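Engineer: Sequence first, predicted model second:
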Number of protein chains: 2
Amino acid sequence: MTTRRPRERGVTIEDVARAAGVSRQTISNALNAPHRLKAETLERVTAVIEELGYRPDQSARSLKSGTRRIIAYPTPVDDPANPNPLMGGFLEAVVAAAGEAGYRILLVRPRPGQSQEQALDELIAARTVDGFLLSDILRDDPRVAHLSGAGFPFAAFGRTTPEHPQSWVDVDSVQGVIDLVGLLAARGHRRVAFLASAAGQPWMDDRRDGFLAGVRRHGLAGHEYSVPGDDPGEIVAATRELLSGRVRPTAIVAGGDWLALGVYAAARAEGLEIGADLALVAFDDLPITAFLQPALTTVRLPLRRIAEALVSRLLQIIEDGVTPQAGLLLPGELVIRPSVGP
Amino acid sequence: MTTRRPRERGVTIEDVARAAGVSRQTISNALNAPHRLKAETLERVTAVIEELGYRPDQSARSLKSGTRRIIAYPTPVDDPANPNPLMGGFLEAVVAAAGEAGYRILLVRPRPGQSQEQALDELIAARTVDGFLLSDILRDDPRVAHLSGAGFPFAAFGRTTPEHPQSWVDVDSVQGVIDLVGLLAARGHRRVAFLASAAGQPWMDDRRDGFLAGVRRHGLAGHEYSVPGDDPGEIVAATRELLSGRVRPTAIVAGGDWLALGVYAAARAEGLEIGADLALVAFDDLPITAFLQPALTTVRLPLRRIAEALVSRLLQIIEDGVTPQAGLLLPGELVIRPSVGP
DNA sequence: GTTCGTGATATGAACGCTCAAACAGTTTTG
DNA sequence: CAAAACTGTTTGAGCGTTCATATCACGAAC
């Protein structure tokens, strides 16, 4: 253990009370229940608070009140070679939404040798946070089961199995992809392919379901191709194979923009022009796709709305004790660009 | 104000003490100074702690000890249209490094109408955190001046003006770009261009300096082109102009991978083949560039080492009260790929 | 004129922990 | 062999809040 330098103490409620010539409680009331003070006292106290730069000590307040005003977000264990490019934007939106309500986001991850559940338990037992925000939810996510069982407040970006209805928010991937397929059908495409990654993301299944539903609805011939993982090389290779097959599809629905990037590369290698020889649509709207030629038709994730919905649901549980009994499905925004063809 | 549901209290040190038949302090010692206990007592107490699932209340501990084991990271105010794609990776690395030492990262941002300094002051006055981690440092960053003046622990990813030596960590962009230019010189390029963005990032100046130094050292003809902002459209347009000029450079040094993406698009539009008609090198190594054809030669940011250095320096200040009097300059890793040509 | 409310402020206790000091027991020391 | 030193443990206090309750002044009601 290293020596710990004692942090110098700041100005306390006692100091303010003395300076203002009133009691501690009056200062506390000035901040937490101003209506209890006589207008004149309030004014004087507020001035002293301002002058001394007093802020209630967060720890003392938490200890007494039992509330921390902190939300934990377990950072997804990201493949460093392939970090989620939307992570920054999502966090930004979450921090903004939480900050609006006076909450802050604490990033956590299990220490080495610790399971995800143990990491959650530690935070609960130490009363470090008021609730959890989860993302990258698996179909049968142990974290959801655990928190749900412990009765601890949380909100999840993504659905688990629908057995026990939790407080989740998700994007309507199914409808989004149906819309994409509709777009292709309207342009006369009959033979379309779905490019999926088998990396195990549950939303990929939804997107696949959307594809199948769309294909059925419009009476198209739909085939599904799967890439083993998220590795760029693999994606390009698999797509080239798909494009050089005997009966080439005239359109591809990529399960995500990341996969679509591979299609651009593969098409160029095969001498096909996207938007002319091959229609391409995808999902996510990564900012980086703005550089693609032709620009990519895709479904934009409403990150801001997702974050707001997650935070608002979580705070409802934390502050009002009301657990929403149903999830919230948010529509993606269809962004039509030239890659889908004329 | 909304009603607040009182959080049910968990198991306290008192409960454990009673169950183990010893005093509070012995439990406290078992966790904070185990060597003080008789081996036998320690074993018994540890068992009871385990059994009851006891974790010291974070707030109570903080209140008494004055230390929070939390580091604040003010999230950069990101352009939502162009979020930093490396943000996720950087945060991941920071969370890992901090977690290793038992610290957690608290994301903060100023509330509406609050200045950055005010937001910092609030956290300091409320004793919510032990220190700050800053990134996206400006040449004359008000946050650095403020924290430095207040004597509050912080570590910065990026340098300010060198007047007062602070605890910073940065990437040696100058040397990195010099290396890139050297690569081009070795391949016989004489006319090279530097593509910069005028969005105001201070590290862009370093990269420019590196370019100028490299060009001087190798006796090349170097020209500098500037894009007004980080908008993809603007980048492509500016690059096309540069490529269609009377005397076209044979090589381009892009100030960042993001800019290089524009060069790929512009080159294709101009019918130039990168790696053959035009050499291209850049800086950052965004994961997304793995899809580019030909693959991009670039300098990889050592995010993990940066995060580790930042955290280790910050903890030195927090725990030992030792403020490093000099910055740390980390080398980038030159990653040579086909875009630079044969 | 005592009682009763009511609004404004004050007081004591408690939240759960760790620090400093005190306390027994045992061993070492001059 | 008494004093000193060490070991392992306990006790009392206090960190800075807020909650519940008490106090006080003052006018309204009977």
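Structural biologist: Right, received. Where do you want to start?
Engineer: Confirm for me that residue A:104 is in contact with residue A:94.
Structural biologist: No. Using CB atoms under 8 Å, residue A:104 makes no contact with residue A:94, being 10.5 Å away. For every residue, glycine as well, the C-beta is placed using N, CA and C.
Engineer: Between those two, which has more neighbouring residues?
Structural biologist: Taking residue A:104 and residue A:94 together and counting by other CB atoms under 10 Å in any protein chain shown, residue A:94 has the greater number of neighbours (26 against 22).
Engineer: do you know how far the residue in the stretch 151-300 of chain A positioned nearest to DNA strand D is from chain B?
Structural biologist: DNA strand D sits closest to residue A:153 of the stretch 151-300 of chain A, with a gap of 18.8 Å, by CB to the nearest atom of the strand. Residue A:153 sits at a distance of 9 Å from chain B (criterion: CB to the nearest CB, to the nearest Å).
Engineer: who touches the closest residue to that residue other than its chain neighbours in this structure?
Structural biologist: Spatial nearest neighbour of residue A:153, excluding adjacent residues (CB to CB, 6 or more residues apart in numbering or on different chains): residue A:131 at 3.6 Å. By CB atoms under 8 Å, 6 or more residues apart in numbering or on different chains, the contact set of residue A:131 is A:71, A:72, A:152, A:153, A:154, A:155, A:314, A:315, A:317, A:318.
Engineer: Tally up the residues packed near residue A:31, please.
Structural biologist: The tally of other residues near residue A:31 (other CB under 10 Å) stands at 16.
Engineer: Against DNA strand C, how distant is it?
Structural biologist: Residue A:31 sits 13 Å away from DNA strand C, going by CB to the nearest atom of the strand, to the nearest Å.
Engineer: nearest residue to that residue other than its sequence neighbours?
Structural biologist: residue A:56 (6.7 Å).
Engineer: Repeat that for residue A:184.
Structural biologist: residue A:251 (4.6 Å).
Engineer: List the contacts of the helix or strand containing residue A:149.
Structural biologist: For residue A:149, the host element (DSSP states H and E) is helix A:142-150. For helix A:142-150, the surrounding residues in contact (CB under 8 Å, 6+ apart) are A:74, A:116-117, A:120-121, A:124, A:132, A:134, A:137, A:154, A:156, A:160, A:164, A:166.
Engineer: which among those residues end up buried?
Structural biologist: Those of the contacts of helix A:142-150 that meet the buried threshold are A:74, A:116-117, A:120-121, A:124, A:132, A:134, A:137, A:154, A:156, A:160, A:166, by 16 or more other CB atoms under 10 Å in any protein chain shown.
Engineer: Contact residues of the stretch 201-342 of chain A facing chain B?
Structural biologist: A:232-233, A:235-236, A:261-262, A:264-265, A:268-269, A:286-288, A:290-293, A:304, A:318-321 (CB under 8 Å from any CB of the partner chain).
Engineer: chain center to whichever strand or helix holds residue A:59, what's the gap?
Structural biologist: Element membership for residue A:59, per DSSP H and E: helix A:58-65. Offset of helix A:58-65 from its chain centre (CA atoms, centre = their mean, to the nearest Å): 29 Å.
Engineer: before we move on, what about stretch A:207-221?
Structural biologist: Relative to its chain's centre, stretch A:207-221 lies at 27 Å (CA atoms, centre = their mean).
Engineer: Only alpha carbons, please: show that stretch as CSV.
Structural biologist: Taking Å, rounded to 0.1, in the frame of the first residue of the first chain, the C-alpha atoms of stretch A:207-221 are listed here in CSV:
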residue,chain,number,x,y,z
ARG,A,207,-31.9,-8.0,-38.7
ARG,A,208,-32.0,-11.4,-40.3
ASP,A,209,-35.6,-11.8,-39.3
GLY,A,210,-36.4,-8.5,-40.8
PHE,A,211,-34.8,-9.6,-44.0
LEU,A,212,-36.7,-12.8,-44.1
ALA,A,213,-39.9,-11.0,-43.4
GLY,A,214,-39.3,-8.4,-46.1
VAL,A,215,-38.4,-11.0,-48.6
ARG,A,216,-41.5,-12.9,-47.9
ARG,A,217,-43.7,-9.9,-48.0
HIS,A,218,-42.4,-8.8,-51.4
GLY,A,219,-42.1,-12.2,-52.8
LEU,A,220,-38.4,-11.9,-53.5
ALA,A,221,-35.7,-14.6,-53.7
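Engineer: Now tell me what touches it from outside.
Structural biologist: With CB under 8 Å, 6+ apart, stretch A:207-221 has contacts from A:173-182, A:184-185, A:189-192, A:194, A:196, A:222, A:224, A:253, A:255-256, A:283.
Engineer: Could you give me the ChimeraX syntax to select whichever of those residues are buried?
Structural biologist: Under the burial definition 16+ other CB under 10 Å, those of those that qualify are selected in ChimeraX by:
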select /A:173,174,175,176,177,178,179,180,181,184,185,189,192,194,196,222,253,255,256,283
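Engineer: quick one: which of the contacts of stretch A:207-221 sit in strands?
Structural biologist: Among these, the members falling in strands (DSSP state E) are A:191, A:192, A:194, A:196, A:222, A:224, A:253.
Engineer: Any chance of these in JSON lines with distance to DNA strand C as columns?
Structural biologist: Output for the ones in strands among the contacts of stretch A:207-221, formatted as JSON lines (distance: CB to the nearest atom of the strand, whole Å):
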{"residue": "A:191", "distance to DNA strand C": "65"}
{"residue": "A:192", "distance to DNA strand C": "60"}
{"residue": "A:194", "distance to DNA strand C": "53"}
{"residue": "A:196", "distance to DNA strand C": "49"}
{"residue": "A:222", "distance to DNA strand C": "58"}
{"residue": "A:224", "distance to DNA strand C": "54"}
{"residue": "A:253", "distance to DNA strand C": "54"}
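Engineer: what's the closest of these to residue B:52?
Structural biologist: residue A:196 (47.2 Å; CB to CB).
Engineer: Please report how far the closest one lies from chain B.
Structural biologist: Taking CB to the nearest CB, one finds residue A:196 at 17 Å from chain B.
Engineer: Could you measure from the spatially closest residue to that residue that is not a sequence neighbour over to residue A:208?
Structural biologist: Using CB to CB, 6+ apart and skipping residues adjacent in sequence, the residue nearest residue A:196 is residue A:255, 4.5 Å away. Distance, residue A:255 to residue A:208, by CB to CB, to the nearest Å: 7 Å.
Engineer: and for the two, which residues touch both?
Structural biologist: Joint contacts of residue A:255 and residue A:208 (CB under 8 Å, 6+ apart) are A:194, A:196.
Engineer: So which of the buried ones among the contacts of helix A:142-150 sit within strands?
Structural biologist: Among the buried ones among the contacts of helix A:142-150, the residues falling in strands (DSSP E) are A:74, A:132, A:134, A:154, A:156.
Engineer: what's near enough to touch the last one?
Structural biologist: Which is residue A:156. Residue A:156 neighbours (CB under 8 Å, 6+ apart): A:133, A:134, A:135, A:137, A:141, A:144, A:166, A:167, A:168, A:169, A:310.
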